[in-house]
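Student: Quick one: sequence plus predicted model below, questions after.
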Amino acid sequence: MNSINTEKQVDVMVIGAGIAGLQSAVDLADQGLRVLIVEKDPSIGGKMIALSKVFPTLDCASCITTPKMAEAGHHDNIEILTYTDVLEVAKEGEGRFVAKLRAKPRYVSEKDCIGCRQCEYACPVLLPDEFEQNEGSRKAAYIPHTNAYPQLALIDVENCIFCGKCIKACPTHAIDFLDEPRELSVQAGAVIVATGFHLTPLDIKSRYGEGKLRNVINPLLMERILAPHGPYGKVLRPSDGKIPDSIAYVQCAGSRDASIGVPYCSRVCCMYAIKQAILLSGSLPFVDITIYYMDIRAFGKGYEQFYQDAKAMGINFVCGKVAEITEDEDLNPIITVEKKEEGATVCKDQHDLVVLSSGMLPGWNPEGISPMTRDRYGFVRCVDEKTAPGKTDCDGIFAAGTAISPRDIVDAIIDAGAASTRAVNYLRACGGFRNE
């Protein structure tokens, strides 16, 4: 990975380094184009690197993502800027975009850091770990996670006590508390936006506990709990470390609800809930798992069979709308639900742990930053997803993955291929494709 300069010229700039952004970058670089990946987080990999397994094959998510991260990180035609924000993308004629970036300070020299973690081991400050959905802990001086790329430390100066132990421990004298943000200018022939998604927050529905119920969690935390290198090392509930005997999933907890401003279906919620339920059945053979749903949307190849397999395993599917979630004196969640298959009766069911199947929100707002606009849901607007997938309303800027709308991993990768192909065709039309 090259050092950061104040000015750069590349063929294509890719914004976002999740699975869609990485796939687009590799596809372009394999054709001889110079690609710059810009990622706002300290590591590439996006949400997928935090998952335990993928549906419906139950393959290891890290085993898929890590090789793609390494391929992008070691490709001769790809440069990666992590911990960097996009401030502006302006079009200056056909085949010419100028972007202004800001590299945030790590307070650790990128050229001197060797990823030895000595600063992390020496740091006495413990903080909630964002990668573990704030359930694990990290130091104020830290590398984001085990599979992070690049393996470079950074220092959380807002919580640093400036004790100097990291300075003494660093063998290459890489600690630099005088580090400052750096402005960069990039000229690119085309741009691909693969900015991913955010989950709807736990407090988006007040009837579901306003995010205050300790044993009502989001699906990304359950992914980390299920991961072999997760925060607990086994499946435990957060409040007291108890092995849960009863786990419930509440579907459409952050989607298909106009009252919270998310009227659309997020597409993946049914499948990731079923996937996690199957994995929990393997980790806790005697656990009782209930999925409360309005309807199951198993739309992809092999997805319906995956759903049928889950039912055959004994996972309990209850058709009904959850009205409210409270808790008892032992912090056990109490679900109030109208069960349609039982004559629309209203019941109160107690569980040890509840997972809200959160929906997908746009990961980035391009308005005011780039010439693109958003659709009515806040995602990047495409001119026609059916006939021109990935083509935005700004010629030369293309989009992929959940920047466009809710997607599963397979569709995000397909989008990435479409976006890179359109970028090549655009550069060729502008005379900027260097292999011809």
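Tutor: Noted; the coordinates are in hand.
Student: all contacts plus neighbour counts: C-alpha atoms, from now on.
Tutor: Will do.
Student: Skipping adjacent residues, who's closest to the residue nearest the centre of the chain in space?
Tutor: Of all residues in the chain, the one closest to the mean position by CA atoms, centre = their mean is residue 47, 2.4 Å from it. Spatial nearest neighbour of residue 47, chain neighbours left out: residue 18 (6.7 Å); criterion: CA to CA, 6 or more residues apart in numbering.
Student: count of residues packed around that neighbour?
Tutor: Other residues near residue 18 come to 26 when the count uses other CA atoms under 10 Å.
Student: Then the one 4 residues further on?
Tutor: Neighbours of residue 22 under the rule other CA under 10 Å: 29.
Student: repeat for the one 3 residues further on
Tutor: Counted with other CA under 10 Å, the neighbours of residue 25 add up to 32.
Student: Repeat that for residue 278.
Tutor: When neighbours are counted by other CA under 10 Å, residue 278 registers 22.
Student: likewise the one 4 residues further on?
Tutor: Close neighbours of residue 282, defined as other CA under 10 Å, add up to 11.
Student: same thing with residue 313?
Tutor: Neighbour count for residue 313, taken as other CA under 10 Å: 11.
Student: in the protein, which spans are helices?
Tutor: Assigned by DSSP state H, the helices in the chain fall at 19-29, 61-73, 118-122, 165-169, 219-226, 269-283, 303-312, 409-430.
Student: which one of these lies closest to residue 198?
Tutor: helix 219-226 (10.7 Å; CA to CA).
Student: average model confidence for that closest one?
Tutor: Mean pLDDT, helix 219-226: 97.
Student: Skipping its backbone neighbours, what lies nearest residue 385 in space?
Tutor: residue 391 (7.8 Å).
Student: Hmm, residue 380 and that neighbour touching each other?
Tutor: No - using CA atoms under 8 Å, residue 391 is not in contact with residue 380, being 9.8 Å away.
Student: any residues in contact with both of those two?
Tutor: Residues touching both residue 391 and residue 380 (CA atoms under 8 Å, 6 or more residues apart in numbering) are residue 399.
Student: more neighbours, these two?
Tutor: Ranked by neighbour count (other CA under 10 Å), residue 391 and residue 380 place residue 380 first, with 31 against 25.
Student: which residues touch the more buried one?
Tutor: Residue 380 touches 365-366, 372-374, 392, 399, 403-405, counting by CA under 8 Å, 6+ apart.
Student: Next: residue 123.
Tutor: 139-141, 165-166.
Student: Pull out the buried members of the residues you listed.
Tutor: Buried subset of the contacts of residue 123 (neighbour count, 16 or more other CA atoms under 10 Å): 139-141, 166.
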